[in-house]
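[1] Pasted the sequence and its predicted model underneath.
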Amino acid sequence: MSSAAIEVHPLDDRGSVAWLLGAGDPAQRASCAIVVDAGTLVVDPVDGDGLDALLSGLPSVIGVVTLLDRHQRDAAVIGERLGAPRLTPIALGGKRELRYRVHTLHDASPHSRVRIFRAIEPADHAQVRQLLANMGWQQRVEDEARFERMIQGANRTVVAVENERLVGFARALFDGASNGYISTVAVAADRRGQGIGRELVRRLMDVDHPADITWVLRAGRGSPGFWQKMGFRKSEVAMEIVRKG
């Protein structure tokens, strides 16, 4: 269990809550406990001081759900401690498929935006190339083969999609142990200032043992203020050889 105290945020009038580890967790990983008719579902939990007390005030925990592969360790510990079953999709090593009931909002406006964040898929490539070109990186992405190498070479990617429109993209290189490099963060011009960039970066940095990781990047185009808000500071030791084209 982390020694950091959890920071709790109510979600609805049934008692559902989300929590963070606050300043003790640079990645600002979010977890939630959703109260349903049968009890409480704990989703992608990050362990911390005060969590047991928080959950004890909710209806009985009926399952610990893992939807992110990077939260499985804490989920296993919490599930065992609470005596609750683990609910994990087959794609993440679960023994059975999770099924969900989808509710359609019949009174929703046709102009309503539903935003999701996920890893990049091949069908996204054309929209990502266009987004990066719109950002002024046309020279870097005009060669399709080079663009594909950029994507394949990044072992961490996140896209933000609203309905069917891709409005954000980020990629990083991470060695899984000590170092990570954030290479690209791009948000559509008409969607900036809405927290999309921050969420893209948070998801890139959502790894195990975040306090053991050094993240580096190149802060250009007037972005230092954004990165400082994300916890980055200017380095006195970084050096580089800049590409010729």
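    Cool, the structure landed.
[2] contacts, neighbours, all on C-alpha from now
    Will do.
[3] Look up how far R218 lies from A30.
    A30 sits 26 Å away from R218, going by C-alpha to C-alpha, to the nearest Å.
[4] Got the domain ranges for the protein?
    7-92, 115-229 (automatic domain parsing).
[5] Pipe those into TSV and attach mean neighbour count per row.
    Below are those laid out as TSV (neighbours: other C-alpha atoms under 10 Å):
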stretch	mean neighbour count
domain 7-92	17
domain 115-229	16
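[6] Mind checking which residue lies nearest the centre of the chain?
    In the chain, the residue lying closest to the centroid (C-alpha atoms, centre = their mean) is R203, at 2.5 Å.
[7] Please tell me I have it right and that residue contacts V159.
    No: counting by C-alpha atoms under 8 Å, V159 is not a contact partner of R203; they are 9.9 Å apart.
[8] Show me what the worst-scoring helix or strand of the chain on mean pLDDT pairs with in its sheet, parallel or antiparallel.
    Least confident helix or strand of the chain, by mean pLDDT, DSSP states H and E, is strand 86-87 with a mean of 83. Neighbouring strands of strand 86-87 in its sheet, by DSSP bridges, are strand 61-65 (parallel).
[9] can you map out the strands along this structure?
    7-10, 17-20, 31-36, 39-43, 61-65, 86-87, 115-118, 156-162, 165-174, 179-187, 214-217 (DSSP state E).
[10] Now render those as CSV, adding distance to S223.
    Shown next, in CSV, are these (distance: least, C-alpha to C-alpha, whole Å):
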stretch, distance to S223
strand 7-10, 28
strand 17-20, 25
strand 31-36, 28
strand 39-43, 33
strand 61-65, 36
strand 86-87, 40
strand 115-118, 22
strand 156-162, 19
strand 165-174, 15
strand 179-187, 10
strand 214-217, 11
